[in-house]
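Asks: just coords:
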């Protein structure tokens, strides 16, 4: 098998600008170069990597499908919780039993479930 790693995720949206704003302000991803495809969309980068592709104009399916969630490695648990709270985004916070790694789960504006994973050494957020 020739797989070297995960290349990107694609999220479908009916609100391209709103989705870009969400992933930019909540997760810190940055819009960047995208090939001139004949359909609307955006590529959002983590550093030099176009990690998340957003595609508009295809419609958004009602069902979740077989993919359960998108997971990102993250830092600054306390600030992330503050950002989610300030935007009124509901979330679930838990710790992995064996590693103590923090996990936050929430949904993007399109219904995609997002997981953020934080080091076990990060301090517990105020108010959980």
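Replies: That came in fine, so what should we check first? Note that the structure is predicted; figures quoted are calculated from it, not measured.
Asks: going forward, measure contacts between C-alpha atoms and count neighbours the same way
Replies: OK.
Asks: nearest spatial neighbour of the spatially most central residue of the chain, chain-adjacent residues omitted?
Replies: Computing the C-alpha centroid of the chain and ranking residues by C-alpha atoms, centre = their mean puts residue 114 first, at 4.9 Å. Distances taken as C-alpha to C-alpha, 6 or more residues apart in numbering place residue 70 nearest to residue 114, at 4.9 Å, with adjacent residues excluded.
Asks: what's downstream of the longest strand seen in the chain, the next helix or strand?
Replies: Using DSSP state E, we find that the single longest strand of the chain is strand 49-56. Counting by DSSP states H and E, the element after strand 49-56 in chain order, helix or strand, is strand 70-73.
Asks: which strands or helices does that following strand pack on?
Replies: strand 113-118 (3 or more C-alpha pairs under 8 Å, 6 or more residues apart in numbering; DSSP states H and E).
Asks: can I assume residue 113 is in contact with residue 104?
Replies: No - applying C-alpha atoms under 8 Å as the test, residue 113 and residue 104 come out as separate, 10.4 Å apart.
Asks: what's the neighbour count on the residue nearest to residue 114?
Replies: Using other C-alpha atoms under 10 Å, residue 70 has 16 neighbouring residues.
Asks: before we move on, what about the one 3 residues further on?
Replies: Summarising burial for residue 73: neighbours were counted as other C-alpha under 10 Å, giving 10.
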